[in-house]
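Enquirer: sequence plus predicted model, see below.
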Amino acid sequence: MNWFKRAGISKADISDSAAYEFRQKISSLEKNVASYERIFRGSSHGYAFLDWDVNRFCLDWVGSFWSHLGYAEADMVHISSAETFMEYVHPDDKSKLNSAVHALLRGLGLGEAIFRIRKKRGGHIWAEVRVEVVRDQKGRVRYVSGVVYDITKLKQTEQALLISEARHARILQSSNDGIWEWSAEHGGFHFSSRCWEHLGYSEHDDLVNQGIDRMQAWRKRIHEENLSIFDNALKEHVREKTPFDIEYRILGKDNEWRWIRARGQMAYSDEGKATRMSGTNMDITQVKRAEERVLKAKEDAELANRAKSDFLSSMSHELRTPLNAILGFAQLFDLDKTLSLEQQTNVAEIQQAGEHLLQLVGDVLDLAKIESGRMGFSLEPVAPVRLLKEVVMLIQAQADIKNISVQLEANGLEEKTIIADAVRLKQILLNLVSNSVKYNRDFGKVIIGCQLGDGDVLRVSVRDTGRGIPDKLQKQLFQPFNRLGAEATNIVGSGVGLVITKQLVEQMKGAIGFVSKEGVGSTFWVEFPIYHGQPIEQLADQYDRTPSELSSEIPDMLVTENKRILYVEDNPPNQRLMKQLLVRYPNLELDLTGEPLRGIFMARTTKPDLIIMDINLPGMDGFEALEVLKQDESTKDIPVIALTANAMVHDIEKGRASAFDFYLTKPLDLKQLIDVFNELLL
């Protein structure tokens with residue numbers, strides 16, 4: 001009956017049947033309303049159904065939206081008032097929401113808005129409202145109804161995506177790489193503007209858009225010698241799924257050739273069909289030009305070195321003829337007993353100067369031969385102690401002049417032999433002992449010792465009690481014509497003797513070194529592998545070993561998986577040493593190169609598990625090569641160790657401060673190297 005009263009209908013106005021039918025409709029309507037309310041309550045977590053009675057300034061809310069924000073039923077009175085609702089909106093969004101509401105009331109808005117709402121205990125969530133209006137007969141808004149829901153997670157995801165896109169944009173911008181993509185669905189290629197900027201074009205340059213698609217325009221500019229390489233690499237990548245990583249030349253806007261390094265990856269459908277390929281273009285023109293300059297400089301240096309060696313060799317021979325005459329006539333004058341004392345003194349000066357000049361010419365000739373690789377060796381078993389006895393006899397007169405005692409301590413090694421050229425070995429020993437006498441103090445001592453060294457080698461050391469070499473000059477010791485200040489004294493010398501000695505020792509596969517303390521004296525030493533009676537023919541390969549390789553105590557290799565190692569070393573004996581070491585471990589595959597640029601290329605293409613790098617390399621030193629590797633995305637994570645003869649304190653400090661994983665010094669310590677393998681390759 002309540003419905004009748006609300007409708008203003010009395011019993012007298014309707015018949016019983018009509019009343020019954022009307023009650024049925026009212027009952028059905030009440031059931032539908034109850035059902036809708038249950039649905040609203042059950043589906044409105046994080047949502048709110050809004051009905052705004054504009055005339056009453058009242059906002060009716062249905063759903064758990066506000067309880068989701070921490071508000072209680074008592075708070076809804078304040079929230080449901082149109083006059084106070086804006087207090088819950090974020091201050092920065094109030095103006096935007098007010099404008100949207102006014103536009104909606106004027107019939108200009110879309111009925112949508114995104115804004116932030118304050119939570120009960122602080123903080124805000126992002127909300128989106130979508131509403132429609134109901135107008136009266138005069139066109140005035142009577143009701144605004146719709147839904148409000150929490151979109152915070154969506155906004156957070158959107159913000160994270162924007163941050164990620166901005167980050168990638170910054171990375172691409174800083175890397176100077178261009179981006180390209182091919183899609184089977186849409187067809188054709190997309191090139192980023194940076195790809196065209198590499199060639200000197202803008203993205204909308206008329207010369208790029210020649211009435212053909214971008215890929216055709218790009219291919220048209222690739223160097224004809226590189227186009228087939230490009231196509232083959234692409235086919236191999238699609239068919240065999242080999243890495244697509246290629247360098248090629250392409251014509252720029254200025255008609256100059258640019259070098260591009262292209263890398264890409266194909267995506268496939270579940271059926272195995274190629275669907276999309278994405279990649280990058282890197283402009284490596286400057287790198288290639290630098291490589292060309294390095295190679296050109298290397299060739300020029302080699303030509304200059306050969307020309308210098310040829311010139312020195314030629315001039316040395318030309319100088320010997322007049323020197324022979326000078327010394328010959330000086331000796332004739334020396335035989336003339338009628339010369340006055342003053343004349344005899346003058347002849348002696350001429351003879352001494354001539355002999356010094358002849359020695360200098362001989363040294364220069366030897367140096368030229370060694371540097372040009374034309375120094376011949378006659379290898380045979382040689383007993384160093386026997387040669388040392390001859391050297392002591394030759395040097396004794398020189399030592400007696402300064403009252404210097406010369407002692408030979410053979411230590412029972414008289415019969416120990418090494419493989420060497422006897423003449424050149426005697427030259428080495430004579431030079432070391434002669435220097436120890438020449439640069440010694442009067443009444444000093446020279447002690448020549450023979451010992452068995454580590455790695456089955458025989459070491460000969462020559463210790464003197466001279467003035468020693470200052471620390472600051474020691475690194476200059478083996479520089480040609482550098483006498484470390486002795487040129488200001490009356491000690492005769494050329495400054496090339498030790499240089500020749502060092503090169504002779506190293507070319508006969510030995511080692512040389514020294515220790516010196518100013519005011520105390522110096523000890524120079526050389527060492528060679530001991531000969532154990534092998535046939536001389538067999539030594540053709542074995543002789544290229546360094547002493548350290550002969551060590552028989554090799555630690556266990558714990559690496560059992562197949563690994564690839566790249567060794568960048570320009571010294572063939574050192575290469576053979578590494579090869580002969582790793583032949584013991586079949587699971588370790590070794591790649592060798594003596595060129596640093598080639599080594600960088602091999603690292604990029606073969607992706608080794610470990611790189612061993614020498615420091616003194618032709619054209620580019622090991623530190624520069626390491627920097628290139630660490631800046632390249634494809635090689636930056638490959639561990640790199642240095643293996644070098646640069647063993648001075650400052651060299652080691654520099655190496656350890658660099659990006660090398662380990663800095664190892666020569667002579668090679670095999671135990672230390674295998675320990676490093678076990679650490680880096682496991």
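Expert: Perfect, I can see it now.
Enquirer: please count neighbours and contacts with C-alpha atoms only from this point.
Expert: Will do.
Enquirer: next structured bit after the strand or helix carrying Tyr567?
Expert: Using DSSP states H and E, the secondary-structure element containing Tyr567 is strand 563-568. As assigned by DSSP H and E, the chain's next helix or strand after strand 563-568 is helix 572-582.
Enquirer: so what does the strand holding Tyr567 touch, helix or strand wise?
Expert: strand 588-593, helix 596-606, strand 610-613 (3 or more C-alpha pairs under 8 Å, 6 or more residues apart in numbering; DSSP states H and E).
Enquirer: please enumerate the strands of the stretch 301-450 of the chain.
Expert: For the stretch 301-450 of the chain, the strands defined by DSSP state E, counting those that start in this stretch cover 379-382, 405-409, 418-421, 445-453.
Enquirer: pull out the buried positions in the second one.
Expert: The reference is to strand 405-409. Ser405, Val406 (16 or more other C-alpha atoms under 10 Å).
Enquirer: okay, the angle between that strand and strand 445-453?
Expert: 10 degrees (axes from the mean of the first three to the mean of the last three C-alpha atoms, to 10 degrees).
Enquirer: ok, strand 405-409: who's next to it in the sheet?
Expert: strand 445-453 (parallel) (DSSP bridges).
Enquirer: then the first one?
Expert: Each strand pairing with strand 379-382, determined using DSSP bridges, is listed with its direction: strand 418-421 (antiparallel).
Enquirer: so what's the gap between the partner strand and the chain middle?
Expert: Taking C-alpha atoms, centre = their mean, to the nearest Å, one finds the center of strand 418-421 at 42 Å from the center of the full chain.
Enquirer: hmm, who's touching that strand?
Expert: 377-384, 458, 508, 528-531, 543 (C-alpha atoms under 8 Å, 6 or more residues apart in numbering).
Enquirer: looking at the helices and strands packed on strand 563-568, which is nearest to Ile428?
Expert: strand 610-613 (30.8 Å; C-alpha to C-alpha).
Enquirer: that closest one - contacts with which helices or strands?
Expert: With contacts defined as 3+ C-alpha pairs under 8 Å, 6+ apart, the packing partners of strand 610-613 are strand 563-568, strand 640-644.
Enquirer: what is the shortest one packed up against?
Expert: Under the contact definition 3+ C-alpha pairs under 8 Å, 6+ apart, strand 640-644 sits against strand 610-613, strand 662-665.
Enquirer: could you spell out the sheet neighbours of that strand, each with its direction?
Expert: strand 610-613 (parallel), strand 662-665 (parallel).
Enquirer: now mean neighbour count and mean pLDDT too, for those strands, in JSON lines please.
Expert: Listed next are the strands paired with strand 640-644 as JSON lines, based on neighbours: other C-alpha atoms under 10 Å; pLDDT from 0 to 100:
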{"stretch": "strand 610-613", "mean neighbour count": "23", "mean pLDDT": "94"}
{"stretch": "strand 662-665", "mean neighbour count": "21", "mean pLDDT": "84"}
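Enquirer: what helix or strand is the closest residue to Trp525 other than its chain neighbours located in?
Expert: Once flanking residues are discounted, Trp525 sits nearest to Ser461: 4.1 Å by C-alpha to C-alpha, 6 or more residues apart in numbering. Per DSSP H and E, Ser461 falls inside strand 457-464.
Enquirer: hey, which of the helices and strands packed on strand 563-568 is tucked in deepest?
Expert: strand 610-613 (a mean of 23; mean count of other C-alpha atoms under 10 Å).
Enquirer: which element is encountered next along the chain beyond that one?
Expert: Criterion used, DSSP H and E; the element after strand 610-613 is helix 622-631.
Enquirer: elements contacting that next one?
Expert: Partner elements for helix 622-631 (3+ C-alpha pairs under 8 Å, 6+ apart): helix 596-606.
Enquirer: 6 Å - rerun?
Expert: Contact partners of helix 622-631 among helices and strands, from 3 or more C-alpha pairs under 6 Å, 6 or more residues apart in numbering; DSSP states H and E: none.
Enquirer: counting neighbours, what do you get for Thr338?
Expert: The local packing of Thr338 (other C-alpha atoms under 10 Å) involves 10 other residues.
Enquirer: now it: phi and psi?
Expert: Phi and psi for Thr338, reported as degrees, to the nearest 10, are phi -90, psi -10.
Enquirer: can you tell me the element Arg219 falls in?
Expert: Going by DSSP H and E, Arg219 is in helix 214-221.
Enquirer: that older thread, any chance of CSV for the strands paired with strand 640-644, columns distance to Arg424?
Expert: As requested, these are exported to CSV (distance: least, C-alpha to C-alpha, whole Å):
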stretch, distance to Arg424
strand 610-613, 32
strand 662-665, 27
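Enquirer: please report how far the residue nearest to Met620 when sequence neighbours are not counted lies from Leu626.
Expert: Leaving aside its chain neighbours, Met620 sits nearest to Pro596 (6.3 Å; criterion: C-alpha to C-alpha, 6+ apart). Shown here: Pro596 relative to Leu626, a distance of 10 Å by C-alpha to C-alpha, to the nearest Å.
Enquirer: I'd like to know how many residues surround Asp300.
Expert: 12.
Enquirer: cool, Gln343 as well?
Expert: That count, for Gln343 with other C-alpha under 10 Å as the rule, works out to 13.
Enquirer: likewise for Ala160?
Expert: Neighbour number of Ala160 under other C-alpha under 10 Å is 12.
Enquirer: please save the CA atoms from the helix or strand Val676 falls within in PDB.
Expert: Secondary structure from DSSP H and E places Val676 in helix 670-681. What follows is helix 670-681, C-alpha atoms only, in PDB (Å, rounded to 0.1, in the frame of the first residue of the first chain):
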ATOM      1  CA  LEU A 670     102.900 -21.500 -15.300                       C
ATOM      2  CA  LYS A 671     101.600 -22.300 -11.800                       C
ATOM      3  CA  GLN A 672     100.300 -18.800 -11.500                       C
ATOM      4  CA  LEU A 673      98.700 -18.900 -15.000                       C
ATOM      5  CA  ILE A 674      96.900 -22.100 -14.400                       C
ATOM      6  CA  ASP A 675      95.600 -20.800 -11.000                       C
ATOM      7  CA  VAL A 676      94.200 -17.900 -12.900                       C
ATOM      8  CA  PHE A 677      92.600 -20.200 -15.400                       C
ATOM      9  CA  ASN A 678      91.000 -22.200 -12.600                       C
ATOM     10  CA  GLU A 679      89.600 -19.000 -11.100                       C
ATOM     11  CA  LEU A 680      88.300 -17.300 -14.300                       C
ATOM     12  CA  LEU A 681      87.100 -20.300 -16.300                       C
END
